[in-house]
Structure formats: structure tokens, C-alpha cells
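> Okay, sequence plus prediction incoming.
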Amino acid sequence: MTSKTEHRSWISTRLRRAIGEALAAGAMFFWAAAALRAQDASTFTYNVLYTFTGLADGGESYAGLVRDKEGNLYGTTSLGGDLSASCFGTPGCGVVFKIDPRGNQTVLYSFTGGADGGSFFFDSTLIRDEEGNLYGTTGAGGDMSACGGIGCGVVFKVYPSGRETVLYAFTGGTDGNADGYDAALVRDDAGNLYGTTYGGGDLTSCGGGGCGVVFKVDPAGKETVLYAFTGGVDQADPDFGPLVRDKAGNLYGTTSSNGAGTVFKVNPAGKETVLYTFTGGADGANPFAGLVGDDAGNLYGTAAAGGSHNRGVVFKVDVAGKQTVLYNFTGGTDGANPYGRLLRGPKGDLYGTTFGGGNLTASACVGFGCGVVYRVDPAGQETVLYSFTGGADGGFPYASLVPDQEGNLYSTTVSGGDMSACYGGGCGVVFKLTRSAASGQ
């Protein structure tokens with residue numbers, strides 16, 4: 001997979017195939033260690049907190065969630081909201097939402113697809129500051145004179161009151177072009193935001209559209225390009241998972257085009273170093289989700305393809321750049337095609353979601369599976385915590401997991417839920433996995 005078009009087609013084909021089969025058949029390194037009391041004997045009970053309708057409340061959330069101290073969850077959707085607006089043929093351009101601990105949803109902001117931004121396909125996982133402001137990106141909208149009249153995307157801020165302000169609108173030039181991908185952000189103590197764009201930058205590369213950039217936006221809205229990809233050994237199209245930032249200000253991320261992908265580092269001076277280059281074979285391919293790290297500087301991630309069964313892997317890259325495959329997905333009951341960023345527990349357990357695999361006999365996704373929530377322990381043993389059926393419980397989780405202080409896990413699915421919505425495929429759900437320890441713990 002060597003181009004943005006192929007990538008977008010691959011993802012959307014996977015989703016269309018699964019739903020089509022259903023219809024035919026009937027801030028720093030993110031550990032969350034203090035929040036996740038991972039133990040091998042833990043079991044989880046699944047329940048749906050909220051079901052999207054695809055109307056004013058939004059629908060199809062590809063993004064993860066962020067949680068506040070009171071237990072409220074915040075996220076985004078790729079469609080729905082202001083139904084008088086249309087982004088690329090979908091009803092509505094997405095929303096920023098809040099769900100309280102009782103499952104009540106509030107739409108904080110609905111995008112119009114104009115100067116305020118709008119979703120193209122993927123939506124952005126939010127980050128939240130100490131004052132309750134939310135930050136994210138959109139894949140389109142902003143400067144409507146750019147990128148063929150659809151806009152190149154924006155970096156936005158939503159206040160607790162629901163007011164939105166655009167901090168920066170990309171032009172599609174050397175400053176970057178979101179190109180449909182709503183990448184997540186990371187924030188430093190001074191309030192600077194760091195992220196990536198899928199295109200723009202060096203316009204002599206990647207067919208003249210640029211291969212993407214790593215950027216910084218300061219609190220005043222000034223953007224600085226820290227690094228522009230060339231499509232050479234550094235490859236192209238940095239992924240939409242959030243960057244990892246260490247105490248020294250180094251940024252770590254992944255690319256997935258012009259090759260099978262890389263793990264890279266950009267230092268505060270803007271020097272880029274490729275830490276590992278994927279071969280597309282047993283080591284995996286297409287690390288779309290981004291990375292997490294540990295206190296020793298090791299990086300962990302997922303690759304959506306490749307591995308011994310070509311269904312993706314969970315991997316580790318150490319400080320010397322050595323890559324180790326921790327788990328190979330088979331495409332069976334264990335899951336397939338992990339797109340969500342990993343969550344790392346204090347004992348080194350890794351938690352995530354897969355887009356496919358799991359319950360292969362579920363009527364909504366026969367033969368493909370509707371995805372799983374899984375755990376991989378430090379020894380490489382995988383445990384499936386939940387398998388989706390694609391019905392009322394949701395299906396095809398694309399996002400990462402977020403924990404609370406009790407070790408419960410929260411996330412979203414792209415489809416399922418209300419099966420009368422979104423053309424019979426469902427518009428997705430927000431779910432919770434409630435942790436309970438086995439007897440004797």
C-alpha cells in the first residue's frame with residue numbers, strides 16, 4: 001500500500017465488505033499506569049453507554065475518548081450533527097460530544113464543513129486541558145479557497161460552553177494538508193499543540209501534493225513546521241494517531257506510505273531520525289495507530305497488516321531501534337487488523353481493539369468478524385476481553401481505549417447499535433468494559 005488513495009480505499013473497503021456481508025447474510029508518554037490495575041485474572045463485563053442515531057447526535061466515531069475527573073467522556077463523530085450541512089455526501093459534518101456517567105449525551109459543537117472545519121472520513125481523538133477546553137483537528141474545512149474548495153482542515157478548540165474557535169487553518173502548501181485525516185494532537189505544559197498532517201509540506205514530493213508534516217501550533221495560533229516528509233527513506237504520510245512526546249521534547253510517531261511504514265523521532269530542532277523501517281513481512285505493515293511508550297524509552301504499537309497471518313501485529317521498538325513482534329493476529333477469534341492505539345498498564349500489559357476478527361459467526365459480519373477488545377501480556381499471550389457481534393452491542397471498533405481509576409475501559413465503535421440507522425448498519429456506540437477481579441484477588 002503506497003498511496004493515500006489506496007489506504008483510504010483499503011479502510012473503506014474493509015468496512016463496506018463487513019457491512020455488505022452482514023446485509024447479504026441477514027502529553028508525554030501515555031502510560032495510564034496509575035489508572036489501569038491490569039491483572040491476568042481480571043474479567044470484564046460489557047455494556048453500551050450510548051447508541052448513536054446518525055442524526056443531530058452524530059454517528060460513526062472512529063476516534064477514541066477523553067475522560068475528566070467526574071467521569072464524563074468526550075469525543076467526536078465523523079457524520080451527523082447539523083443535518084443542513086453535508087460533507088462529501090454524508091448527512092452532517094460531525095460533532096464534538098459529551099457523555100455523562102449515566103449515559104446522557106450532549107452535543108457540544110456541530111461542524112458545518114465551512115470555515116469551522118468538518119470531518120471527511122476519520123474524526124479526531126480529542127485532548128483536554130486543565131480548564132476543560134477540548135482540542136482536535138478536522139480533515140477538511142477551514143480555508144475554503146484551498147484544496148479544491150473543500151478546505152485543507154483545521155486545528156480547533158472547543159470551550160466548555162460549546163463555543164468553537166479555529167486556532168489554525170491549513171492551506172495545503174508547505175504548512176501541511178490534513179487531506180481528510182483528522183489527526184490527534186499532543187499538548188505540552190506551555191500550551192503548544194503538536195500533530196501531523198497526511199499531505200502538504202515539501203511540494204516537490206509525493207506527486208506535488210507533499211508527503212505530510214510534523215507541526216507545532218502555539219497558543220496564539222502560529223504554526224511552525226518541524227519536519228516535512230520527503231517520501232524517501234523517511235517514507236510519507238505520518239499517521240493520524242497522536243504523537244508521543246518525551247520529557248526532552250522529542251516527538252515519536254509512525255508513517256505508513258511509500259513503503260510498509262516507519263517508526264520515527266523528531267527532536268526539538270526538527271531533525272528526523274528513522275528508528276525502524278517495516279518490511280511488510282513478519283514484522284508487520286501499516287502502523288496507522290501511533291505509539292505508546294514506557295519509562296525506559298521503549299515504544300509499543302500495532303501494525304494493521306503483515307505478520308505471520310497478514311492480519312496485523314502488536315510490536316515493540318526498543319531504544320536501539322530493534323523491533324520485536326509481541327503478538328501476531330490470526331484473523332480468527334483473536335481479532336484482525338488493529339487500528340486503535342495501545343493502552344499500556346503498570347505491569348506491562350497492552351490493551352487495544354481490532355477492526356475485524358472475533359465472532360466469525362455473528363450474522364452482522366459472517367466470516368470477517370466485527371472486532372474485539374484484547375489484552376497482550378508481557379509474555380506475548382493474548383486474551384480477548386470482548387468480541388463484538390455487530391448488532392446492538394456495536395461493531396468494528398477503530399479507536400483506542402481509555403481507562404478510569406478502577407481499571408474500567410471505554411471506547412467507541414464505528415457501526416452497530418441502532419440497526420435502523422446509517423442505512424441498516426448502525427451508527428456505532430460508546431461502550432464500557434467494567435473490570436472485576438477473579439475470586440481471591
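Done, it's in.

> List the contacts of the nearest residue to G249 once chain neighbours are set aside.
Ranked by C-beta to C-beta, 6 or more residues apart in numbering and with sequence neighbours excluded, the top spatial neighbour of G249 is P268, at 4.2 Å. Quick note: C-beta positions are derived from backbone N, CA and C, even for glycine. P268 sits next to 248-250 when contact means C-beta atoms under 8 Å, 6 or more residues apart in numbering.

> From L83, how far off is P268?
Remark: distance between P268 and L83 (C-beta to C-beta, to the nearest Å) = 44 Å.

> same question, G142
As defined by C-beta to C-beta, G142 lies at a distance of 21 Å from L83.

> which one of the two has more residues nearby?
Using other C-beta atoms under 10 Å as the criterion, G142 and L83 rank with G142 on top: 30 against 14.

> part of a strand, is the more buried one?
No: assignment of G142 by DSSP: H, G, I helix; E, B strand; the rest coil gives coil, placing it outside any strand.

> For it, which non-adjacent residue is closest in space?
A169 (3.4 Å).

> looking at it, the one you found is touching G151, isn't it?
Yes: if you go by C-beta atoms under 8 Å, A169 and G151 touch, sitting 7.3 Å apart.

> out of these two, which sits in the more crowded spot?
A direct count of neighbours by other C-beta under 10 Å for A169 and G151 places G151 higher, at 29 against 24.

> just so I have it, where are all the strands in the stretch 301-441 of the chain?
313-317, 323-328, 343-344, 350-354, 372-376, 382-387, 402-403, 409-412, 429-436 (DSSP state E, counting those that start in this stretch).

> mind checking which of the ones you listed is nearest G259?
Between G259 and these, the tightest spacing by C-beta to C-beta is seen for strand 323-328, at 14.4 Å.

> what mean pLDDT would you report for that closest one?
Strand 323-328 shows an average pLDDT of 98 in the prediction.

> which of the contacts of P268 lies closest to V414?
Looking across the contacts of P268 and measuring by C-beta to C-beta, the closest to V414 is N250, at 32.5 Å.

> Let me know the pLDDT of the closest one.
Value listed for N250 in the pLDDT field: 98.

> and if you look at S12?
51.

> Take the contacts of P268 and keep only those in strands.
Using DSSP state E, no member of these falls in strands.

> Quick check: of those, which lies closest to I127?
Of the contacts of P268, the one sitting nearest to I127 (C-beta to C-beta) turns out to be G249, at 17.0 Å.

> The closest one and D188 touch, don't they?
Yes: the pair G249 / D188 is scored as a contact, 7.5 Å apart, by C-beta under 8 Å.

> returning to that earlier point: I'd like the distance from the residue nearest to G249 to D188, if you could.
10 Å.

> Find the residues that touch each one of the two.
G249.

> list the contacts for G141?
87, 93, 111-118, 150-151, 153-154.

> Let's see which of the residues you listed end up in strands.
Using DSSP E, the subset of these located in strands is 87, 154.

> May I have the phi/psi pair for L203?
phi -80, psi 0 (degrees, to the nearest 10).

> List the contacts of it.
Contacts of L203 by C-beta under 8 Å, 6+ apart are 173-174, 209-210.

> picking up where we left off before, just the buried ones from the contacts of P268, in ChimeraX syntax?
Buried residues within the contacts of P268, by 16 or more other C-beta atoms under 10 Å, are selected in ChimeraX with:
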select :250
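
> Now flag whichever of the contacts of P268 is closest to V217.
G249 (15.3 Å).

> In contact with the closest one, which residues?
Contact analysis of G249 by C-beta under 8 Å, 6+ apart lists 188, 267-268.

> just to revisit the earlier point, looking at the contacts of L203, which two lie furthest apart in space?
By the measure C-beta to C-beta, T174 and G209 form the most distant pair in the contacts of L203, at 11.9 Å.

> For those two, indicate the residue with more neighbours.
Between T174 and G209, G209 has the larger neighbour count (other C-beta under 10 Å), namely 19 against 14.

> Could you find the closest non-adjacent residue to that one?
Distances taken as C-beta to C-beta, 6+ apart put G199 closest to G209, at 5.1 Å, once the chain neighbours are dropped.

> Please apply the same query to T434.
T45 (4.6 Å).

> and the helix or strand where that neighbour lies, what does it pack onto?
T45 is part of strand 43-51, with elements assigned from DSSP states H and E. Using 3 or more C-beta pairs under 8 Å, 6 or more residues apart in numbering; DSSP states H and E as the contact test, the elements touching strand 43-51 are strand 382-387, strand 429-436.

> average model confidence for the shortest one?
Regarding strand 382-387, the rounded mean pLDDT is 98.

> Output the below-cut-off pLDDT ranges for the stretch 301-441 of the chain.
Scanning the stretch 301-441 of the chain with the threshold set as pLDDT under 70 gives 437-441.

> For the stretch 1-150 of the chain, just list every one of the helices.
Taking DSSP state H, counting those that start in this stretch as the test, the helices found in the stretch 1-150 of the chain are 4-25.

> G151 touches D143, doesn't it?
Yes: applying C-beta under 8 Å as the test, G151 and D143 come out as touching, 5.7 Å apart.

> what touches both of these two?
Common neighbours of G151 and D143 (criterion: C-beta under 8 Å, 6+ apart): 115, 169.

> give me every residue that touches the nearest residue to E60 once chain neighbours are set aside.
Once flanking residues are discounted, E60 sits nearest to S78: 4.7 Å by C-beta to C-beta, 6+ apart. Contact analysis of S78 by C-beta under 8 Å, 6+ apart lists 59-62, 90, 94, 119-123.

> Kindly report the same for V430.
When contacts are counted by C-beta under 8 Å, 6+ apart, V430 touches 48-50, 52, 61, 65, 73, 75, 99, 410-412.

> ok, of the contacts of G141, which come out buried?
87, 93, 111-113, 116-118, 150-151, 153-154.

> So for those, which is the shakiest by pLDDT?
Within the buried ones among the contacts of G141, pLDDT is lowest for C87, at 86.

> So what pairs up with that one in the strands?
Note on C87: beta-bridge partners T90, judged by DSSP bridges.
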